[in-house]
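> got a predicted structure plus its sequence, pasted below:
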Amino acid sequence: MDNDNSNVLSLLTYTCLALGGMFILNKLRKIGSRGSGLPPGPPTLPLMGNIHQFPTEYTAVKFSQWGNEYGGLFSLKIGPGTIVVVTSPRFVKELIDRRGTTTGSRPHFRMLQIITDGLNVGMMPYGPTWKNTRKAIQMFLTKEACMRHLPIERAEAIQLLYDMIKQPENTFTHIQRHATSLILSVVFGVRSPRYENSTVTEFIEVQHEVEALLEPGAHPPIDLMPILEYIPERWASWKGICRGLRTKQQELYFRLRDKCEARIRENRRNGSFMESLFDQQEKLGLTRDIIGYIGGVSLEGGSVTAVSHLQTFVLLMAYHPEIQAKAHQELDQVVGQRLPTLEDYDHLPYIQAIAREVHRFYPAVPMGLPHESTSDETVGGYFIPKGSTIFMNIYGIYHSEEHFDEPEVFNPDRYMQSEFGTKPGADTTGFRNDLHFGGGRRICPGILLGDIMVSMNVMNLLWAFNFEATDLEKRDPRIPIKHTDFVSGLATGPNPYKCNIQPRNQGIEDTIRDEYTLSRPIFSMFEHELSDEEKTFVKNW
Ligand code: HEM
């Protein structure tokens with residue numbers, strides 16, 4: 001009898017173990033597999049999902065190829081997590097724009113969280129803190145506020161032309177100085193008249209270090225495997241690097257904020273955004289740290305993107321003399337020898353088409369910033385689970401053969417022929433003119449300022465210069481510039497390049513020199529605490 005009992009017990013134990021094992025195996029088997037109802041995508045491996053296929057560079061280009069293969073809404077599995085990639089404006093409208101409240105959060109990015117102390121509005125999860133901070137940032141980016149800063153926007157654009165006459169070989173850094181100094185002036189009320197040893201180079205240095213740290217593969221995937229965070233610091237160098245970057249970033253952003261605050265106390269105002277934030281600090285319920293970061297994030301969002309667009313624009317012009325010739329013809333008819341004004345832009349359809357085609361050809365943020373869904377959603381018959389990371393593949397949308405004729409060819413004329421540059425008969429559902437600024441609740445708050453920077457400079461630079469590539473004959477005449485001419489990353493731009501830049505004629509060069517001199521009183525309103533080197537530069541430049 002005892003023997004029988006122990007046999008039954010063993011049998012029960014084995015059965016339980018077997019059933020438990022099968023249950024665990026079944027659960028494990030599901031990790032990495034694409035559950036039913038998810039949008040289609042490349043085949044997965046157990047546990048890994050698509051990790052082994054995930055591109056380590058030019059992610060947007062690979063996502064575009066997958067978009068052509070699997071459709072405008074496809075999915076990837078990264079272990080148990082789900083990524084949804086939107087490569088069709090129709091699905092942008094359905095999933096990102098219309099369901100903005102439930103697809104408007106951001107995925108957790110542990111390293112960025114440590115660097116910024118969670119104060120970066122661009123990476124905050126959807127919720128009251130994000131809403132409040134975003135409200136404050138929108139305040140200074142209204143049309144009226146952007147137009148109030150027109151004198152310094154125009155003066156900085158003039159300095160860009162002047163810098164390029166003086167040192168055409170340094171155009172790459174002149175563009176960086178221009179965009180960063182302009183945002184510094186508008187946001188913190190202080191400018192950088194030269195590139196070397198300036199706030200501009202300090203900002204770019206920190207920014208590059210942050211980008212390098214976040215590059216996939218540079219450090220262990222803490223967000224995919226949170227357990228990695230418990231590894232002691234001596235084997236996890238990223239922890240110290242993050243803290244070091246936090247110190248550097250805060251030193252810069254908080255110093256700029258504090259200096260502005262000191263000028264307010266001394267009654268030396270110049271209408272900067274920081275001033276309005278301090279004036280309304282109580283009403284808006286903002287901490288001093290958040291105020292500093294609103295300024296810093298605006299600097300990141302505004303300068304990096306405009307720099308990318310303008311550097312891409314010059315590169316493309318250098319390789320497309322036929323497009324420059326057409327643009328010069330339009331400018332000669334509408335503007336002539338005087339410096340163009342922002343009002344002229346409305347009368348220059350071909351120049352507008354060039355600016356838009358640059359956004360299309362290589363968007364500054366090719367995959368936008370990742371969104372995260374905070375509830376289950378169903379779109380186009382597909383299931384999008386809560387917690388999915390959603391990428392709006394801007395590059396892919398702009399390079400889809402379904403919508404664009406020869407998407408790899410730089411051809412501004414496409415925007416002269418149809419509103420969105422699309423080919424005849426293409427379905428334009430969901431298209432809008434600002435897709436390169438993202439979508440839904442997280443759409444870029446800086447569209448107006450970004451558009452002013454792009455339009456004013458594209459118009460001015462074409463009016464002022466001839467751009468000439470030094471190796472034109474070595475390139476494919478139809479597609480001289482390819483994606484490999486660009487840096488791979490979340491916010492991108494062209495690799496450094498050289499080209500010849502010449503003023504179009506003596507009259508134009510004289511006008512630029514005169515306008516630069518006339519702009520000095522405007523510059524001086526933003527030139528506080530210049531170093532001795534900067535003072536000498538301003539005097540002699
Ligand atoms: C050509 C210029 C610009 C381009 C192409 C651009 C593009 C973008 C894109 C694609 C996003 C992500 C949107 C999304 O998640 O769906 C974004 C977000 C953002 N941009 Fe811009 N941007 C530009 C100029 C600016 C300017 C001038 C500012 C401010 C001064 C700015 C501040 C921001 C901020 C703060 C965010 C984060 C918004 C949030 O998460 O709520 N951007 N931008």
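Nice, thanks for sending it over.

> tell me, what residue is most central in this protein?
Per CA atoms, centre = their mean, the C-alpha nearest to the average position across the chain is that of Val365, at 3.8 Å.

> residues contacting Ile222?
For Ile222, the residues meeting the contact criterion (CB atoms under 8 Å, 6 or more residues apart in numbering) are Arg110, Met111, Leu228, Glu229, Trp238. All C-beta atoms are positioned from the backbone trio N, CA, C, and that covers glycine.

> I'd like the average pLDDT over whichever strand or helix holds Val307.
Taking DSSP states H and E as the criterion, the element that holds Val307 is helix 288-318. The average pLDDT for helix 288-318 rounds to 97.

> show the subsequent helix or strand relative to that helix.
The next secondary structure element downstream of helix 288-318 (using DSSP H and E) turns out to be helix 321-334.

> mind listing what's buried in that next one?
For helix 321-334, a neighbour-count test (16 or more other CB atoms under 10 Å) marks Ile323, Gln324, Lys326, Ala327, His328, Glu330, Leu331, Val334 as buried.

> give the buried residues for whatever helix or strand comes next after that helix.
Read in the C-terminal direction, the helix or strand following helix 321-334 is helix 349-361, with elements assigned using DSSP H and E. Taking 16+ other CB under 10 Å as the neighbour-count basis, helix 349-361 is seen to contain the buried residues Tyr350, Ile351, Gln352, Ala353, Ile354, Ala355, Arg356, Glu357, Val358, His359, Arg360, Phe361.

> number of residues surrounding the nearest residue to Glu357 once chain neighbours are set aside?
Spatially, and ignoring its direct neighbours in sequence, Glu357 is nearest to Pro412 (4.2 Å; CB to CB, 6 or more residues apart in numbering). Using other CB atoms under 10 Å, Pro412 has 24 neighbouring residues.

> surely Pro412 touches Ile323?
Yes: counting by CB atoms under 8 Å, a contact exists between Pro412 and Ile323, whose distance comes to 6.2 Å.

> quickly list what's touching both of these two.
Looking at what touches both Pro412 and Ile323 (by CB under 8 Å, 6+ apart), the common residues are Ile354.

> contact partners for the residue nearest to Glu357?
Ile323, Tyr350, Ala353, Ile354, Arg356, Glu357.

> mind picking the two most distant members of those residues?
Of all pairs drawn from the contacts of Pro412, the one with the largest separation by CB to CB is Ile323 and Arg356; the distance is 13.0 Å.

> how close does the residue of the stretch 1-150 of the chain at minimum distance from the ligand sit to Ile78?
Nearest residue of the stretch 1-150 of the chain to the ligand: Gly122, at 3.5 Å (CB to the nearest ligand atom). Here the criterion is CB to CB, to the nearest Å. By it, Gly122 lies 22 Å from Ile78.

> same for the helix or strand hosting Ser276, what does it pack against?
Following DSSP H and E, one finds Ser276 within helix 273-279. The elements that helix 273-279 packs onto, with contact taken as 3 or more CB pairs under 8 Å, 6 or more residues apart in numbering; DSSP states H and E, are helix 171-188, helix 237-265, helix 288-318.

> centre of the chain to the shortest one, how far?
In other words, helix 171-188. Distance, stretch centre to chain centre, for helix 171-188: 16 Å (CA atoms, centre = their mean, to the nearest Å).

> and after it, which helix or strand comes next?
By DSSP H and E, the next helix or strand past helix 171-188 is helix 199-214.

> buried stuff in that following helix?
Neighbour-count burial for helix 199-214, with 16+ other CB under 10 Å as criterion, is recorded at Thr199, Val200, Thr201, Glu202, Phe203, Ile204, Val206, Gln207, Glu209, Val210, Glu211, Leu213.

> how about the contacts made by the closest residue to the ligand within the stretch 201-350 of the chain?
Per CB to the nearest ligand atom, Gly301 is where the stretch 201-350 of the chain lies closest to the ligand, at 2.6 Å. Contacts here follow CB under 8 Å, 6+ apart; on that basis Gly301 touches Gly122, Cys444, Gly446.

> what does the pLDDT read for Gly20?
The confidence metric pLDDT takes the value 61 at Gly20.

> Ser418: what's it in contact with?
Contacts here follow CB under 8 Å, 6+ apart; on that basis Ser418 touches Pro424.

> got the phi and psi for it?
Backbone torsions of Ser418, given as degrees, to the nearest 10, read phi -150, psi 160.

> contact partners of stretch 274-287?
Residues contacting stretch 274-287 (CB under 8 Å, 6+ apart): 132-133, 135-136, 139-140, 187-189, 256-257, 260-261, 264, 269, 288, 291, 294-295.

> now with 7 Å?
Stretch 274-287 has contacts (CB atoms under 7 Å, 6 or more residues apart in numbering) with 132, 136, 139-140, 187-189, 257, 260-261, 264, 269, 291, 294-295.

> what's the most distant pair in the residues you listed?
Every pair of the contacts of stretch 274-287 checked by CB to CB; the farthest is Asn132 and Arg269, at 24.6 Å.

> alongside the ligand, which residues does the stretch 351-500 of the chain contribute?
Selection of the stretch 351-500 of the chain residues close to the ligand by CB under 6 Å from any ligand atom yields 364-365, 368-369, 371, 392, 436-439, 442-446, 449-450, 454.

> next: the chain.
The interface of the chain toward the ligand, taken as CB under 6 Å from any ligand atom, is made up of 121-122, 134, 137, 183, 297-298, 301-302, 305-306, 309, 364-365, 368-369, 371, 392, 436-439, 442-446, 449-450, 454.

> returning to what we had before: what about the residue of the stretch 1-150 of the chain closest to the ligand, neighbour count?
20.

> surely it and Val297 touch.
Yes: with contacts defined as CB atoms under 7 Å, Gly122 counts as touching Val297 at a distance of 5.7 Å.

> quick one, phi/psi of the closest residue to Lys62 other than its chain neighbours?
Distances taken as CB to CB, 6+ apart put Pro55 closest to Lys62, at 4.0 Å, once the chain neighbours are dropped. Backbone geometry at Pro55, expressed as degrees, to the nearest 10, gives phi -60, psi 140.

> Val365 is in what secondary structure piece?
Using DSSP H and E, Val365 is not contained in any helix or strand.

> and it, what does it touch?
For Val365, the contacting residues are Thr305, Ile394, Leu490, Ala491, taking CB under 7 Å, 6+ apart as the criterion.
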